[in-house]
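J.: model this:
(4 chains, ligands or ions: 4)
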Amino acid sequence: METLKTAVETRDDLLAVEMKNISKVYPNGIAANRNVDFSVRFGEIHALIGENGAGKSSLMKILFGLEQPTEGEIFINGEAVKLASPSQAIAHGIGMVHQHFMLVPTLTVAENMVLGMPPKKGIIIDYKKAVDMTAEIAKRYGFNVDPEARVMDIPVGMKQKVEILKALLRGAKILILDEPTAVLTSKETVELFRQLRLLRDEGFTIVFISHRLNEIKELTDRMTIMRGGRSMGVYETKGITEQQISQRMVGRDVILTVEKDKSQPGDVILEVRDLSYINEWDKRMLDRVSFNLRAGEILGIAGVEGNGQRELVDILFNLREPEGGAVYVNGHEITGLTQRRIRDLGVSLIPEDRMVFGIAGDAGIADNIIADRFDKKAYNRGPIFNMKSIHEETDRLIREYRIVSRDRNQKVGMLSGGNIQKVVVAREFSSDPILIIADQPTRGIDVGATEFIRARLVELSRAGAAVLLVSADLNEVMEMSDRLIIFYGGHIAASFDDTTTLTDELMGEYMLGLRTQASEPKEEKTHV
Amino acid sequence: MYKRRMLGFSLIRGLAAILLALAVAAVFIFLATDEPFHALQQLLIGPVVSFGEDGASFNVQSFYQILAAMIPTIFTALGVCVMFSANQFNLGGEGGAMAGGFVAALVAIYLPMAAGLHPVVSVLIGAVAAGLITLIPGVLKVSVGASEMVSSLMLNYVVMYVVLHFLNYEFADRSKGATQTHAFLPTAKIAQMVRGGSRLTYGFIAAIAVALLIGIFMYRTRWGYQIRMIGINQNFATYSGMKVTSVILLSQFMGGLLAGTGGAIEVLGRYNTFLWKELPGFGWTGITIAILARNNPVAVPFAAFFIAYLNKGCLLMNTNSDIPSEMISIIQASIFLFFAAEQFLAGLRQRIVVKNARDELAQAQAAAAASEEG
Amino acid sequence: FAEEEAKVYNVANLVNGNLGDKSFFDSADAGLAELQEAGRITYKTIEMGGRDEDQPKWLETLYEVSESGEYDLIVCGTYQMPDYLTEVAAEYPDQKYLIYDSAAEGDNVVNINYKQNDMGYLVGIVAAAMTTETDIDFINEDAVVGFVGGVDSPVINDFLYGFLLGALSVNEDIKVDTRYVNSYVDPGKAKELGASMIADKNVDIIWGVAGNSGNGAAEAALESGKAWFIGVDSDQELTLSEELAAITLTSGLKNIGNSLIWFFDELDAGNEHYGESILLGLPEGGVGIVTDKNFDEFAPDSVKELVLEAEEKIAAGELEVPTAIGEVSTELEELRDSLQP
Amino acid sequence: MSQFFDTIFKPEFVFAIIRITSPILFAALASVIAEKAGVVNIGLEGTMMISALFGTLISFWTQSWLIGVLGALVVGILLGAMMGFFALRLRTNIILVGIALNILGSGGTVFLLYLFTGMRGNTSSLSSPNILIPTWNIPLLKDIPVVGAMFSGHAVLTYVAFILVFVVWFLLYKTSLGLNIRAVGENSNAARSVGISVQRIQYIALMLSGALSGLGGAFMSMYYSQSWNTGIVAGRGFIALAAQAMGRGEPVGTMFSSLLFGTAQALETRVSGIQGVSSYLVASIPYVVTILGLVLYMLSAKRKVRRLHQKLKNRQDAEQRT
Ligand SMILES: Nc1ncnc2c1ncn2[C@@H]1O[C@H](COP(=O)(O)OP(=O)(O)OP(=O)(O)O)[C@@H](O)[C@H]1O
Ligand SMILES: Nc1ncnc2c1ncn2[C@@H]1O[C@H](COP(=O)(O)OP(=O)(O)OP(=O)(O)O)[C@@H](O)[C@H]1O
Ligand SMILES: [Mg+2]
Ligand SMILES: [Mg+2]
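T.: Ligands and ions are numbered 1, 2, ... in the order given. You can find the predicted model right below:
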């Protein structure tokens, strides 16, 4: 660490944002920020980077007035301010694009744009003016949005633009972008970056949060690295390598590759036949998808979000009804079976959204661990639970999966993100599954937990389980998979039996629909 | 340490809520009467202490009356605990209690049985009838998605009118001036535990026992477990392979079953004929008690005692001074509001939490420093 | 004896409902108030609430006031109390009790009942005789009158039975529209029922026997401008608002207050009635109808005569009005249905 | 039976439906506003009880029906603010706040009446016509034969109730407050992030909701019953909740479902005039109708989705075949 010099802050530089000694303790006892100093210069793109749970969003929510700091001071343009609510932050020229969309789905783009400050004729909202305002500001910044479309009908990329325009419309000069690229395709990301640079050149100050080191390297001027709620220093982007960044983020060198033996495929465990699905907005999300997965094998499914992966997983677990087709596990048809029956056949699932499906936040670790096995003989004595064996099992898994917690009855919702995921994984991996569906198993968790979970997945597959790995993380699918499928528009755009020769570029083209294995030359057509 | 502090906080908070509610009551008492201290004395200690010529003494009968008043509300509150734990806001306890009481009364009148068996069978049949009734909002919820809260509120009235119809046109004892059924067979009466007018029956023992059983059911059996998990996160329950629909139905059946048991025991223990002509009110009181008990079945008897005590205090205030006994509503509502307030005293809580986080941090640093030295 | 006459009794008046009903409980309270003013008693009224939820309180309060030993007499009323009173009276044999409008058991209990069927009979005569007197305001030629009852229960039906028979005695073709509110405290509903009777069945005289709900029927009559109202229990021309009083033709009286005064007169005269059941009818002044004010002004002499005649017959014992309390309900129901327009 | 049908083809029947619907409509609209802002107000019953009491008392004290009505409105607003304080500030579960309010409404009112007047149970001795809500004969309309008898001569507040359907619609869909209310109800985080104070909007919604149910209460005690008593609201606040649910939470839909209930109760009063019908079973008709209405509505909503799905599927299958 000594080899790298912290960027010098000259005090006479007038800072756009200066946060001093910020601490934040949430009511659940989590100390998200600990004596953090954070400052941004005028007209720079400043990266805020750190593991999941490092406290980045918390710090920015404080800056936007959404959360109140437990202690600390904030200066905007050199002036001490008290930001008790977002409206005060907005008044100080701060705008924030949140990690999750902050849009009202049934309202139109224009209505969302002017929400909280609509133009009026008397007491009536001047809707036409709102549309004009939206169109005008979109044109000015070169964003392409449809003012009269309802937000629930527009694509993700457009939603992100609406979010940025919302901030600009409110006169923001300081823009906070909390992981804006997480949901964007690479093409959309490129375009976003172009526009952000333009904004910077116009004098906007931008705080940019991302986990993607390459994006940070590409876009930003300086960065603040956070770890465990603390600031680990401020650096010039040019003067630091990706390795050095990740070292500071996690406190040690990260092993990004996964070591695994060659797979020894066994019998077909999962067979998906002609699966089709139409969603409630009349879009065909799956179009007669078929594939097989064998024991001892990891099959990766890659693709840009929204191309049918989620629907596939949901159907496999009967959380949605397919329009057509069938799924077999070990020769048994499972379409339409209850989750109980599916699990009894040896299927387990790490759900994409762990807070919604994976855990009962207000229940203790033990209650969460036994969710799929509470009615097994081992945990019951007649009608009554066998608490001793439940506790033993829980304690064993807490130890084995290194779940950091106060005790087995601690509410899971109070754990950190990585530890929550470990609770889910501990349950799903310990039920002797023959098929593991891992949907974004490492999304939003820190490197240590990521490594641990990946290693366990490989271990289980080599021990004979079939693993279906769905991930938006290219690095992850490429490293982990024995075979790989790419989804595009509800079709299998490509499938590879050997992943070692794959390149990022090639995969990107398949994922964006520039190329399909069925009709290779399609690429040319689009390009012309 | 953390645990102890938080426990201490919960206790303080609960007490503060109760004190605040009593303070609200006191304000009204001062406004309403010229002898506020006499009234307050009646309210607070009157229920168990009687002031005779020879000084104060423990009022046993009054104490028994309080215990007796707890019987039906313990049951309805347990029902609420089960339903609310599953996140089902079924408010059908009122109708359940009335239906349970009525059906049990019919069995007690028309089906001769051996003495020991008769009350038990009557209560059980009444309870099942009530369970089937509160099941209706559950079925409507899981089949078509109709809000169980709305349909159960409506259903209460339907139950009431249907019971009144049968009471009036089929089973009324026409020799009496009031609308009531014929007298229960003597075999069906639930026996008194003590002499006097308190009506403290063996139903009380049953209530306490059932509270414990429901506690075990909720925290030590797979069905109670599923109910709790569904209440916390239904998506999670579905995904984990729990039988969500059946468990939701089970919870509402049990809610009615318990409310019906309460109604039936009350009818067979307190009265000689069935004579209710409106919804008995235990359903709503049960909700208050369940809130006070934070949906914990084992805490229900304590909360029920508290409410019954206050009720008695209000009655005494009414008898011995000029304050209407409806005062209880004001006390009950204030307790309700403050006790269930998550943010009540949140400032204090936050201070404890912050202090705790600091302590833990200091400890960790001390430990780190120690290990570095070592 | 002079000393005994001067005795001031301490009385507890237990109300298993609330005061303010302008009829039943208020009447009892008024009687006691009159006695207190005359310096003959001191009394305390305890309102125990009238909901089923309050039922446990009724028994507990009975025990409590009996236990206290402070009262020379404990007064309560209604058909809901006798079982409780019987029990408590047996526990406290030295305590004296009075129950009005019902009957309990015990040597220390005096029961006072009122022949509301007699009263109903007179009201029936008035209503049936007047509903065709088209010279009078609001009155149409149809022989249809209305009865708005609180709930379909024996006590209310006792009023109704007399009413139906009285009406029939005047006009064989009379129709009586009988409807129940199913609540003593929902005047809104009573108003709808009254309005429907007036609009749909041409009812022009409505007797409201429904506690608080009865006022709703009166309001319906007033608003329609097409019907008269008849009150119950106490003289409602005195208790209702001016406008409602103006369309209140008469009221069937149940003189509870008077009967309590009568009881203390008897007591002072040395006639203790404990253990007895006293039935107060027309001659005793226990029941009656209001004949001054509106009735005097609007009723034709022929109607007044009919009423007088019936009063005399009943007093003389020539006419026995059956009661609905007891096993006669099917007869009543048949009669009620047959007269329904 | 034919007599029965005669009665429902009379203008008085429609008149009765409108009158019965009015208080429910007030409360149902109150529920609409609260629901749109994402807060469930099940304290309508209690709010109506309390404001009904104060409407009567204030009109008696001031001898002015108008001030009485405004007083009931203000009391409703205060109760809404109280709900807000507990539900939004102190974070008491809003359903429990509603239940507490209903407890206050049923017993607390008796106590308050005693506190203010020394009376118990009811206020009928305070009543006089100058403190009752007047009725209004609409010029011209009142002279049209059948229609006049149906629509003219209602209480002033009845007209207010139906006008409020439009007002509430206008408020929700045309004003910025309405936009805020809808945004808060649908995605409170989104609203918060653009500087809307979610708490403030929900406070306002609860206070508006209180104001509307306050008017409903005033209607009950100052017109419908002409005095206050312990049973005066008789479950109308709960029925309003059902009406709102059945009306999909939209003002106009809610008006129709309130009218459905009004019709059911008007029918009830007519049916009870038929001989040999149990008055108790008849009394349960409105509640049964409400439950059935709710179920049918939910079923139709479900079927609509399924039909849409089927249509889409057919279309796409057809596309595929070509
Ligand atoms: N309520 C609590 N009381 C005490 N300690 C807690 C509480 N909640 C979390 N912790 C602990 O505090 C530490 C920091 O939590 P935090 O959520 O910031 O971790 P994190 O860095 O986000 O971890 P992860 O990378 O696993 O998400 C963790 O060890 C966590 O277990
Ligand atoms: N509202 C909240 N209440 C309680 N704890 C919270 C809350 N929001 C965040 N936390 C906790 O505070 C810690 C920091 O969270 P924060 O969202 O700031 O992290 P982050 O760095 O933005 O992570 P990510 O990269 O996953 O977005 C985490 O442990 C998180 O669980
Ligand atoms: Mg974040
Ligand atoms: Mg006539």
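J.: how much space between the residue most central in space within chain C and C:Gly211?
T.: In chain C, the centroid-proximal residue (CA atoms, centre = their mean) is C:Asp233; its distance is 3.6 Å. Distance of C:Asp233 to C:Gly211, given as CB to CB, to the nearest Å: 9 Å. C-beta: built from backbone N, CA, C; applies to glycine.
J.: repeat that for C:Lys96.
T.: According to CB to CB, C:Lys96 stands 29 Å off from C:Gly211.
J.: among the two, which residue is more densely surrounded?
T.: Higher neighbour count among C:Lys96 and C:Gly211: C:Gly211, with 30 against 22, using other CB atoms under 10 Å in any protein chain shown.
J.: may I have the phi/psi pair for that one?
T.: phi 60, psi -130 (degrees, to the nearest 10).
J.: got it, and D:Leu140?
T.: Taking degrees, to the nearest 10 as the convention, D:Leu140 sits at phi 70, psi -60.
J.: please apply the same query to B:Ala172.
T.: For B:Ala172, the backbone dihedrals (degrees, to the nearest 10) come out as phi -70, psi 140.
J.: which element is residue 177 on?
T.: Answering for chain A, as no chain was given. Using DSSP states H and E, A:Leu177 sits in strand A:174-178.
J.: that's the wrong chain, I wanted chain C
T.: strand C:175-180.
J.: please settle this for me: is C:Thr250 part of a strand?
T.: Yes. C:Thr250 forms part of a strand when assessed by DSSP: H, G, I helix; E, B strand; the rest coil.
J.: next, the nearest residue to it once chain neighbours are set aside: secondary structure please.
T.: Once flanking residues are discounted, C:Thr250 sits nearest to C:Phe295: 4.2 Å by CB to CB, 6 or more residues apart in numbering or on different chains. Three-state call for C:Phe295 (three-state DSSP): helix.
J.: I'd say C:Phe295 and C:Thr248 touch.
T.: No. Taking CB atoms under 8 Å as the definition, C:Phe295 is not a contact partner of C:Thr248, at 9.3 Å.
J.: who's more crowded, these two?
T.: Ranked by neighbour count (other CB under 10 Å), C:Phe295 and C:Thr248 place C:Thr248 first, with 26 against 21.
J.: bridged to the more buried one, which residues?
T.: When bridges are called by DSSP bridges, C:Thr248 pairs up with C:Phe229.
J.: and it, how far is that from chain A?
T.: Separation of C:Thr248 from chain A (CB to the nearest CB, to the nearest Å): 50 Å.
J.: from A:Phe291, how far out is that residue?
T.: Counting by CB to CB, the gap from C:Thr248 to A:Phe291 is 87 Å.
J.: for B:Phe274, same thing?
T.: Between B:Phe274 and A:Phe291 the distance, using CB to CB, works out to 67 Å.
J.: show me which of these two is the more surrounded one.
T.: Taking neighbours as other CB under 10 Å, B:Phe274 and A:Phe291 compare with B:Phe274 leading, 29 against 17.
J.: show the pLDDT at the closest residue to ligand 3 within the stretch 151-300 of chain B.
T.: Nearest residue of the stretch 151-300 of chain B to ligand 3 (CB to the ion) works out as B:Asn233 at 22.0 Å. Looking at B:Asn233, its pLDDT is 93.
J.: helix or strand with the lowest mean pLDDT in chain B?
T.: Taking mean pLDDT, DSSP states H and E as the measure, chain B has helix B:346-373 as its least confident helix or strand, at a mean of 70.
J.: give me the pLDDT value at residue 153.
T.: Looking at chain A here, since you left the chain open. pLDDT, read off for A:Asp153, is 77.
J.: wrong one, I was asking about chain C
T.: Predicted confidence (pLDDT) for C:Ser153: 81.
J.: list the contacts of the closest residue to A:Gly50 other than its chain neighbours.
T.: Spatial nearest neighbour of A:Gly50, excluding adjacent residues (CB to CB, 6+ apart): A:Met226 at 3.4 Å. A:Met226 makes contact with A:36, A:48-50, A:54-56, A:59, A:232, A:249, according to CB atoms under 8 Å, 6 or more residues apart in numbering or on different chains.
J.: out of these, which touch ligand 2?
T.: Checking these against ligand 2 by CB under 6 Å from any ligand atom, the ones in range are A:50, A:54-56.
J.: dump these into a markdown table; add neighbour count, secondary structure and pLDDT as well.
T.: Converted to a markdown table, the ones next to ligand 2 among the contacts of A:Met226 look like this (neighbours: other CB atoms under 10 Å in any protein chain shown; DSSP: H, G, I helix; E, B strand; the rest coil; pLDDT from 0 to 100):
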| residue | neighbour count | secondary structure | pLDDT |
| --- | --- | --- | --- |
| A:Gly50 | 27 | strand | 81 |
| A:Ala54 | 24 | coil | 81 |
| A:Gly55 | 25 | coil | 86 |
| A:Lys56 | 28 | helix | 89 |
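J.: now those residues in CSV, with distance to A:Leu83?
T.: CSV is the format used below for the ones next to ligand 2 among the contacts of A:Met226 (distance: CB to CB, whole Å):
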residue, distance to A:Leu83
A:Gly50, 22
A:Ala54, 21
A:Gly55, 17
A:Lys56, 17
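J.: out of those residues, which is nearest to chain C?
T.: A:Gly55 (54.3 Å; CB to the nearest CB).
J.: coming back round to it: format the contacts of A:Met226 as JSON lines; extra columns: distance to ligand 4.
T.: JSON lines is the format used below for those (distance: CB to the ion, whole Å):
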{"residue": "A:Val36", "distance to ligand 4": "88"}
{"residue": "A:Leu48", "distance to ligand 4": "88"}
{"residue": "A:Ile49", "distance to ligand 4": "91"}
{"residue": "A:Gly50", "distance to ligand 4": "89"}
{"residue": "A:Ala54", "distance to ligand 4": "88"}
{"residue": "A:Gly55", "distance to ligand 4": "85"}
{"residue": "A:Lys56", "distance to ligand 4": "85"}
{"residue": "A:Leu59", "distance to ligand 4": "84"}
{"residue": "A:Met232", "distance to ligand 4": "96"}
{"residue": "A:Met249", "distance to ligand 4": "94"}
